[in-house]
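Participant: Dropping a prediction and its sequence here:
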Amino acid sequence: MSLYEQKTAFDHHSNMEIITSRKAMRVLTSDLKSKGRKIGFVPTMGALHEGHLSLVHKARAENDVVVVSIFVNPTQFCPNEDFAKYPRDLGADQALLTPFVDYLFYPSVAEMYGESHEEFVVGSSSGNATGNFLSFAVGDLGKCLCGLSRPQHFEGVALVLSKLLNIIQPDRVYMGQKDFQQTVVVKHLIEELFFETELVVCPTIREENGLAMSSRNVYLTAEEREKAAFIYRALQQGKKLVESGQKDPKKIIAGVKVFLSEHGFDKIDYVDLRKGSSLQEVLEVESEKNGKIVLALAVFLGKTRLIDNLLIF
Ligand code: AMP
């Protein structure tokens with residue numbers, strides 16, 4: 001079904017309410033919980049596409065009430081990144097969500113970070129720059145893969161997710177495998193801070209040519225979009241190497257890099273193989289056969305940084 005068909009098929013369903021105040025959101029979710037309603041929550045930064053909607057559909061199927069948040073979270077952007085120009089289109093997002101969602105939580109930066117947020121420095125590692133005292137550390141989980149070129153990104157993710165989970169108190173939270181490292185950080189956050197919520201990781205939704213859907217794909221030119229199809233093919237190439245018996249992570253990583261450069265990628269941020277649960281380095285592929293291994297990469301097309309990953313087992 002196309003998005004339009006899905007939307008019209010369900011048009012009878014809902015009157016999505018937009019809530020901007022955290023207090024109002026909390027009162028509402030406490031009330032729902034006291035009535036025993038199960039709450040499914042999908043955190044997003046907006047500029048929604050079918051990848052986001054797949055999470056919403058799963059949340060709809062598994063819960064009584066669906067809450068989506070749209071919040072472009074400044075603390076997860078580094079100073080040189082696209083916080084100011086990150087795509088924002090509330091009207092389009094609302095139209096996509098309305099048929100399926102009960103509540104859209106849409107707070108301002110001040111609502112999430114306090115009134116002194118004007119002093120906020122994007123990418124600052126210090127919680128004090130936001131007018132708050134707390135900041136997070138995610139340890140080794142943030143020191144590999146995307147964490148290397150995006151210092152403080154996962155700390156910002158952990159901080160905002162803690163705030164959102166505390167406000168919304170969902171029974172389940174839905175996140176995409178596309179941001180694999182993020183799911184691992186959030187899994188640990190939930191476990192270690194005892195949030196009473198279950199993390200549901202949903203598969204990556206792709207364009208027909210294999211490109212993982214992303215809000216940042218709007219930055220790509222038509223030519224770059226075509227080239228971007230080779231990202232997924234590069235991951236599949238890596239998986240094939242494993243399937244044909246290659247056990248050495250270095251050789252697999254090198255094979256993927258060669259494939260990418262042969263297809264015109266001259267700026268590769270990283271290609272890496274990591275253990276799925278801890279993100280620790282994989283020394284030999286064979287020895288990990290009982291656990292998950294993720295082959296993950298980030299590349300630049302022009303100024304746009306794109307990420308993708310594939311589970312090897
Ligand atoms: P974002 O708005 O980029 O912060 O993404 C919000 C949520 O949607 C995250 O849990 C993402 O992993 C998920 N997501 C983004 N793109 C996709 C996709 N192509 N397939 C599945 N989930 C996705």
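Facilitator: Right, received. Where do you want to start? These numbers come from a predicted model, not from an experiment.
Participant: ok, the residue in the stretch 151-300 of the chain positioned nearest to the ligand - how many residues close by?
Facilitator: Relative to the ligand, the nearest point of the stretch 151-300 of the chain is residue 176 (2.2 Å; Cβ to the nearest ligand atom). C-betas here are computed from N, CA, C, even on glycine. Around residue 176 there are 22 other residues, counting by other Cβ atoms under 10 Å.
Participant: Any idea what it is bridged to?
Facilitator: Residue 176 forms beta bridges with residue 202, as assigned by DSSP bridges.
Participant: show me what contacts it?
Facilitator: Residue 176 makes contact with 51-52, 54-55, 183, 201-205, according to Cβ atoms under 8 Å, 6 or more residues apart in numbering.
Participant: make it 7 Å
Facilitator: Residues near residue 176 by Cβ atoms under 7 Å, 6 or more residues apart in numbering: 51, 55, 202, 204.
Participant: Could you find the closest non-adjacent residue to residue 235?
Facilitator: Among residues not flanking residue 235 along the chain, residue 310 sits closest, at 4.1 Å (Cβ to Cβ, 6 or more residues apart in numbering).
Participant: what's the neighbour count on that neighbour?
Facilitator: Neighbour tally, residue 310, other Cβ under 10 Å: 19.
Participant: how about the residues of the stretch 51-200 of the chain near the ligand?
Facilitator: Proximity of the stretch 51-200 of the chain to the ligand, by Cβ under 6 Å from any ligand atom, involves residues 51-52, 54-55, 175-176, 178-179.
Participant: of all these, which comes closest to residue 190?
Facilitator: Residue 190 has its nearest neighbour among these in residue 175, at 10.8 Å by Cβ to Cβ.
Participant: What distance do you get for that closest one to residue 89?
Facilitator: 21 Å (Cβ to Cβ, to the nearest Å).
Participant: With residue 154 instead?
Facilitator: Look at residue 154 and residue 89: by Cβ to Cβ, they are 26 Å apart.
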